[in-house]
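J.: after the sequence you'll find the predicted model.
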Amino acid sequence: MINNKRRIATGVILINFFFNTFLNSATYKNLKCNFCKNKINGRYITQEKHAYHEQCYKDHIQLRCDHCKNIISGKYNLKDEKNYHQKCFKNFILDKCDACSKPIEGEYVKDSWGNIYHNYHRSEMPLCESCNRLISKNITDGGYLINESRSVCNICWRHVINDKDKIKNIYSDLRNELTELGIYNLPKTMPIILINSKEELFKISKIPSSNGLQGYTKYDYQTIGREKINENFTIFILSNLHEINFRAVLAHEMLHVYLFKNSVPLKESLVEGFCNLGSKYVYNSNLENKISELKLESMYENNHPEYGKGFRIMDSELERYGWSTLLKKLDNY
Ligand SMILES: [Zn+2]
Ligand SMILES: [Zn+2]
Ligand SMILES: [Zn+2]
Ligand SMILES: [Zn+2]
Ligand SMILES: [Zn+2]
C-alpha cells in the first residue's frame with residue numbers, strides 16, 4: 001500500500017482583533033496626526049495611543065483585506081503576513097478540495113499525484129488499486145468496480161490488460177528481456193489465466209496472508225526415476241491490472257518459472273524476494289510513469305518477511321554482483 005500523507009492545514013491563524021479607536025473632539029491644542037504629522041483640528045481617531053485625521057486613518061492605518069482591499073473590522077484571518085476577511089479567506093485563499101471543490105479546512109489528504117482532498121472522502125469513495133488516486137468525478141472522472149471488490153479509476157482503465165494477444169506479446173517481450181539478463185530456459189509460450197477476484201486467486205494459490213497477491217505460478221510434473229517429465233506451468237494473474245503492474249507481476253512469476261525449471265536450490269525464505277527482482281526490473285525500466293515510482297516505493301517499504309525484507313536482501317545482492325553473478329550464486333544463500 002502507498003501511504004497518503006495526511007496533514008493539518010497550517011499557516012492559518014484566527015485572531016481576535018479589537019479596534020481601540022474612538023471618535024474624539026480635538027480638545028487639546030497642538031495635537032498632531034501620527035500619519036501625516038500635521039496638526040489636527042476637529043474630529044480625530046486614536047488607536048494604540050496615537051491620534052490620526054479621520055481620512056489619514058481610513059486611507060492608511062485601518063486594516064484592509066489583502067484580497068478585496070476593503071476595510072476589515074472584527075475577526076479576520078492572517079496568512080503570510082497578509083490580512084483577509086474571514087469570507088474572502090475561505091472563498092479565495094484557502095486551497096480547494098480536488099474532489100468536491102469546497103475550501104479545505106481541517107484534516108486533508110495530499111496524494112502522491114499532488115491532489116488534495118478532505119479526509120472524509122476516504123470513507124465515501126474508494127482508492128484506485130493501481131494508482132491510489134481517490135476515485136471521484138473530479139480527480140479521475142470516475143472508475144470501475146470489478147467483482148464488487150476491486151476498484152480501478154478511469155485514468156488507469158485505459159491501460160488495463162485483459163486482451164489475450166496483448167498478453168502473449170508482453171510475455172514474449174519480457175522473455176527476451178529476461179534472457180538478456182541471463183535468465184535462461186523460460187518456455188517460449190506460457191498459459192496465462194486472468195482471475196477477477198483476489199479471493200479466487202487465494203483459493204488457487206493457497207498462499208496464506210495473500211492479501212497483496214496479484215499472481216501465482218502453478219507447476220506440476222511427473223517423474224521417471226529422478227527425471228522430471230511432462231512439466232507444466234500455468235501463470236494466474238489478476239485481471240484488469242494496469243499494464244505496468246501486469247508486467248511487474250508477470251516478471252515476478254517468470255522468475256518462479258526460472259527457479260522451478262532450472263531446479264535452483266534457493267533458500268525458501270528468499271524465493272519471493274528473488275522473484276520480486278523481476279518486478280523491480282520492470283518498474284525500473286518504466287520510471288517515466290509515476291505508477292512505477294509508487295510501486296517501487298512500496299516494495300522498499302514493505303515489511304513482509306519474504307516479499308519485503310527478503311526482497312531487500314536479494315536487491316542489495318543484485319546491486320553488488322549484477323545479474324549474471326547473482327544467478328550463479330543463488331544456491332549459496
Ligand atoms: Zn493626517
Ligand atoms: Zn475581503
Ligand atoms: Zn472535498
Ligand atoms: Zn488509477
Ligand atoms: Zn511469488
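T.: Great, that's in hand. Ligands and ions are numbered 1, 2, ... in the order given.
J.: OK, contacts around Asn154?
T.: Residues near Asn154 by CB atoms under 8 Å, 6 or more residues apart in numbering: Ile135, Thr140, Asp141, Gly142, Gly143, Tyr144. Bear in mind the C-beta positions are built from the backbone N, C-alpha and C, glycine included.
J.: with Leu270 instead?
T.: Leu270 is in contact with Glu306, Gly310, Ile313, Met314, Tyr333, counting by CB under 8 Å, 6+ apart.
J.: which among the contacts of Asn154 are in contact with ligand 5?
T.: Applying CB under 5 Å from the ion, the subset of the contacts of Asn154 adjacent to ligand 5 is empty.
J.: would you list the buried entries among the residues you listed?
T.: Among those, those scoring as buried are Ile135, Thr140, Gly143 (criterion: 16 or more other CB atoms under 10 Å).
J.: now the residue nearest the centre of the chain: which helix or strand?
T.: Centroid-nearest residue in the chain: Ser112, 3.5 Å away (criterion: CA atoms, centre = their mean). Assigning secondary structure by DSSP states H and E places Ser112 outside every helix and strand.
J.: okay, the contacts of Asn154 in JSON lines with secondary structure next?
T.: Below are the contacts of Asn154 laid out as JSON lines (DSSP: H, G, I helix; E, B strand; the rest coil):
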{"residue": "Ile135", "secondary structure": "coil"}
{"residue": "Thr140", "secondary structure": "helix"}
{"residue": "Asp141", "secondary structure": "coil"}
{"residue": "Gly142", "secondary structure": "coil"}
{"residue": "Gly143", "secondary structure": "strand"}
{"residue": "Tyr144", "secondary structure": "strand"}
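J.: looking at the residues you listed, which is nearest Ile207?
T.: Lowest distance from Ile207 to these (CB to CB) belongs to Tyr144, with 26.2 Å.
J.: wait, that closest one sits on Ser151?
T.: Yes - counting by CB atoms under 8 Å, Tyr144 touches Ser151, with 7.2 Å between them.
J.: what's the distance between the residue nearest to the centre of the chain and Leu213?
T.: According to CB to CB, to the nearest Å, Ser112 stands 23 Å off from Leu213.
J.: where does the prediction get shaky in the stretch 101-250 of the chain?
T.: 208-211 (pLDDT under 70).
J.: so which bits of it are right by ligand 4?
T.: Counting by CB under 5 Å from the ion, the stretch 101-250 of the chain sits next to ligand 4 at Cys128, Ser130, Cys131, Cys153, Cys156.
J.: 6 Å instead, please
T.: Within the stretch 101-250 of the chain, the positions near ligand 4 by CB under 6 Å from the ion are Cys128, Ser130, Cys131, Arg133, Cys153, Ile155, Cys156.
J.: burial check on the second one, number of neighbours?
T.: Read that as Ser130. Using other CB atoms under 10 Å, Ser130 has 25 neighbouring residues.
J.: do the fourth one as well
T.: The number of residues packed around Arg133, counting by other CB under 10 Å, is 21.
J.: contacts only, for it.
T.: By CB under 8 Å, 6+ apart, Arg133 lies in contact with Asp111, Trp113, Asn115, Leu127, Ile139, Thr140, Cys153, Ile155.
J.: please list only the buried members of those residues.
T.: For these, buried by 16+ other CB under 10 Å: Asp111, Asn115, Leu127, Ile139, Thr140, Cys153, Ile155.
J.: let me know the closest of those residues to ligand 4.
T.: When the buried ones among the contacts of Arg133 are compared for distance to ligand 4 (CB to the ion), Cys153 wins out at 3.4 Å.
J.: might one say that Ser292 is in contact with Asn286?
T.: Yes - Ser292 sits in contact with Asn286 when judged by CB under 8 Å, with a separation of 4.5 Å.
J.: joint contacts of these two?
T.: Ile244.
J.: the more surrounded of those two?
T.: Counted by other CB under 10 Å, Ser292 and Asn286 do not tie: Ser292 has more neighbours, with 21 against 17.
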